[in-house]
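Chemist: with the sequence up front, the predicted model follows.
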Amino acid sequence: MNSHQETRVTFRQLLAFFIPLGLSASLVTISHVIINSTLARSANPEVIIASYALPLSILGITERPAVLMRQTCSALVRDRISFRAMTVISWYIFASIMLLGVLICYSPIGRWVFLHFFGVEEALIQPMVDVYRILMFVSFFSGLRCLYHGIIIFNMRTKWLTVGMLVRLAAMYLLSLYFIHTNQVNSGQVGAIIFLSGMIIEAGVSYWEGRSLLKEIPEKKPDHPIERPRQIFQFYRPLLFSSVIAVIIGPAVNAFLGKTMDFQLSVASFAIAASLTQLVQSFFSYIHQIVLNFYRKDSESVIRFTFILAFIPGCLIALMSYTSLGPWFMQNVMGVNERLMLASLDTLRVFMITTLVFPWLDFGNGMIMLRGETKVMVWSQAANVSVTLLSLVLCVWLSPGWNGMIGALAQSLGVAAEAAVVWLVLREIGRAAGNQPVRMTFKS
């Protein structure tokens, strides 16, 4: 054990910290399954799901900078002074993402994006803009939620993330039943309303618990160096740059799916398969938090814990793809028709590549953040985007009949490229540092 590791961490402690995080992430994905299942019960599900899925991919551009506040806050905020510095940065983020949303919804930019970037039909442009006029507010409440998630996580109160998600899902499910039983599932706006309502409720729960925890932490922790917004931004900026690069992926995939042999089937099957993949994978998307909070205490236990978790998502996707479980779930829970189900199953099988690679990518990203080397993530995300775009171009050119499978393959290869860059850099950092303790340094 290295000198910087002072205590042993038990498997039970890791589970107690990780399981609530994993459950909350899985429940997030269930919310998208609820929405897609609701829209699938419309009279024209392929068109309705596509009219919701494309604006949702743009939401990734405006929401991602806000989501990054969770990692930043959990890594850097330890007292009230550092939280106030974090709050200053957060308001700049909120103002920027809302401005971008207004430009998309109320200027010619939105129509241009849907018409020329996504290549949608003229008749679908206005319905998609109408959907995004609701979704744009999701970014704000998502950011508020993630800001207080950071406080909850570093105080080891991760069960509150699960509580918030359970309340959110209950509200979304009830609202979904209302729209279905009143026969009002007639546009993508229904999905946007359900999503926004759930996000507002979850943000409220996170705010309530986070403010309570703030009263218990000290005004100034003696050995904590973070005091100014500039120090927060030094850590956050590379994460932001990498996320700006990464958000190209979602819209690019949907744009290239528009050039396949069956646009509506491609987008709808990709949306269904991606939501199921995320449902499985999301439970394991907080491995980086295990690294941030426990690696310096007991690296060996963290590595063993990660190794146990890493192969589970791939096995679960295989179970859904190659047994009767997947068709049963899609038809009886999500309510999709047979044609869409078969296309979604083909796409889901390709996504197995992502589920095998992602846990180790998340572990590597945790190590990068722990060392304060977040600038590396700009290059790893650039590799992801480059490989994804190249794969999309080649697949659409060579085999447009693959439809939704093209998007799944491109995303999987991109994730593999990102993981390769992260681990190559970590290997070089390890060689240079030897057995020196892991430290984060920040300029004042």
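Modeler: Looks like it came in fine. Numbers count the residues shown, from 1 in each chain.
Chemist: okay, and the residue nearest to Leu279 when sequence neighbours are not counted sits in which element?
Modeler: Closest residue in space to Leu279, ignoring its immediate chain neighbours: Thr29 at 4.1 Å, by C-beta to C-beta, 6 or more residues apart in numbering. Using the backbone N, CA and C atoms, a C-beta is placed for each residue, glycine as well. Here Thr29 sits within helix 11-39, counting by DSSP states H and E.
Chemist: quick check: buried residues in that helix?
Modeler: For helix 11-39, burial by neighbour count (16 or more other C-beta atoms under 10 Å) applies to 13-14, 17-18, 20-39.
Chemist: need the mean per-residue confidence for whichever strand or helix holds Arg84.
Modeler: For Arg84, the element it lies in under DSSP H and E is helix 80-106. Mean per-residue pLDDT for helix 80-106: 91.
Chemist: change the start of the numbering to 27 and stick with it
Modeler: Yes, from this point I'll number from 27; that puts the last item at helix 106-132.
Chemist: report all helices and strands that it contacts.
Modeler: Counting contacts by 3 or more C-beta pairs under 8 Å, 6 or more residues apart in numbering; DSSP states H and E, helix 106-132 is packed against helix 71-102, helix 134-138, helix 148-180, helix 255-272.
Chemist: in JSON lines: those, plus mean neighbour count and distance to Ile379.
Modeler: Shown next, in JSON lines, are these (neighbours: other C-beta atoms under 10 Å; distance: least, C-beta to C-beta, whole Å):
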{"stretch": "helix 71-102", "mean neighbour count": "24", "distance to Ile379": "21"}
{"stretch": "helix 134-138", "mean neighbour count": "14", "distance to Ile379": "34"}
{"stretch": "helix 148-180", "mean neighbour count": "22", "distance to Ile379": "28"}
{"stretch": "helix 255-272", "mean neighbour count": "20", "distance to Ile379": "18"}
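Chemist: for Ser202, find the nearest of the ones you listed.
Modeler: For the helices and strands packed on helix 106-132, proximity to Ser202 was assessed by C-beta to C-beta; helix 71-102 is nearest, at 13.1 Å.
Chemist: how far does the closest one sit from its chain's centre?
Modeler: In terms of C-alpha atoms, centre = their mean, to the nearest Å, the centre of helix 71-102 is set 7 Å apart from its chain centre.
Chemist: just stretch 51-61 next, same as before
Modeler: For stretch 51-61, the distance to the chain centre is 11 Å (C-alpha atoms, centre = their mean).
Chemist: and the closest residue to Leu371 other than its chain neighbours, what does it touch?
Modeler: Ranked by C-beta to C-beta, 6+ apart and with sequence neighbours excluded, the top spatial neighbour of Leu371 is Gly352, at 5.7 Å. Gly352 makes contacts with 302, 345-346, 371, 374, as judged by C-beta atoms under 8 Å, 6 or more residues apart in numbering.
Chemist: where does the closest residue to Ser425 other than its chain neighbours fall, secondary structure wise?
Modeler: In this structure, Ser425 finds its nearest non-sequential neighbour in Ile432, 7.5 Å apart by C-beta to C-beta, 6+ apart. Element membership for Ile432, per DSSP H and E: helix 430-459.
Chemist: flag every buried residue along that helix.
Modeler: Neighbour-count burial for helix 430-459 flags 430-449, 451-452 (criterion: 16+ other C-beta under 10 Å).
Chemist: how about stretch 389-400?
Modeler: Neighbour counts over stretch 389-400 (16+ other C-beta under 10 Å) mark 389-398, 400 as buried.
Chemist: now, the most widely separated pair of these?
Modeler: Maximum pairwise distance among the buried residues of stretch 389-400 (C-beta to C-beta): 16.9 Å, between Phe389 and Gly398.
Chemist: Ala443 and His175: what is the separation?
Modeler: Counting by C-beta to C-beta, to the nearest Å, the separation of Ala443 from His175 is 29 Å.
Chemist: same thing with Val306?
Modeler: Where His175 is concerned, Val306 sits at a distance of 22 Å (C-beta to C-beta).
Chemist: and for Ser168?
Modeler: Distance from Ser168 to His175, counting by C-beta to C-beta: 10 Å.
Chemist: what is the least confident helix or strand in this structure?
Modeler: When each helix and strand of the chain is scored by mean pLDDT, DSSP states H and E, helix 275-283 comes last, with a mean of 80.
Chemist: now it, how far from the centre of its chain.
Modeler: How far helix 275-283 lies from its chain's middle: 16 Å, per C-alpha atoms, centre = their mean.
Chemist: re the thing from before, and the helix holding Thr55 with helix 71-102, angle?
Modeler: Note on geometry: by axes from the mean of the first three to the mean of the last three C-alpha atoms, to 10 degrees, helix 37-65 and helix 71-102 are set 150 degrees apart in direction.
Chemist: who does helix 37-65 touch, helix- and strand-wise?
Modeler: Contact here means 3+ C-beta pairs under 8 Å, 6+ apart; on that basis helix 37-65 packs against helix 71-102, helix 185-207, helix 215-240, helix 289-307, helix 313-320, helix 325-336.
Chemist: quick one: average pLDDT of the longest one?
Modeler: Pointing back at helix 71-102 there. On average, helix 71-102 scores 85.
Chemist: so Ser269 sits against Arg90, correct?
Modeler: Yes. Taking contacts as C-beta atoms under 8 Å, Ser269 lies within contact range of Arg90: 4.4 Å.
Chemist: so who does the nearest residue to Val419 once chain neighbours are set aside touch?
Modeler: Nearest residue to Val419, sequence neighbours excluded (C-beta to C-beta, 6+ apart): Phe282, at 7.5 Å. By C-beta under 8 Å, 6+ apart, Phe282 lies in contact with 418-419, 421-422, 432-433, 436.
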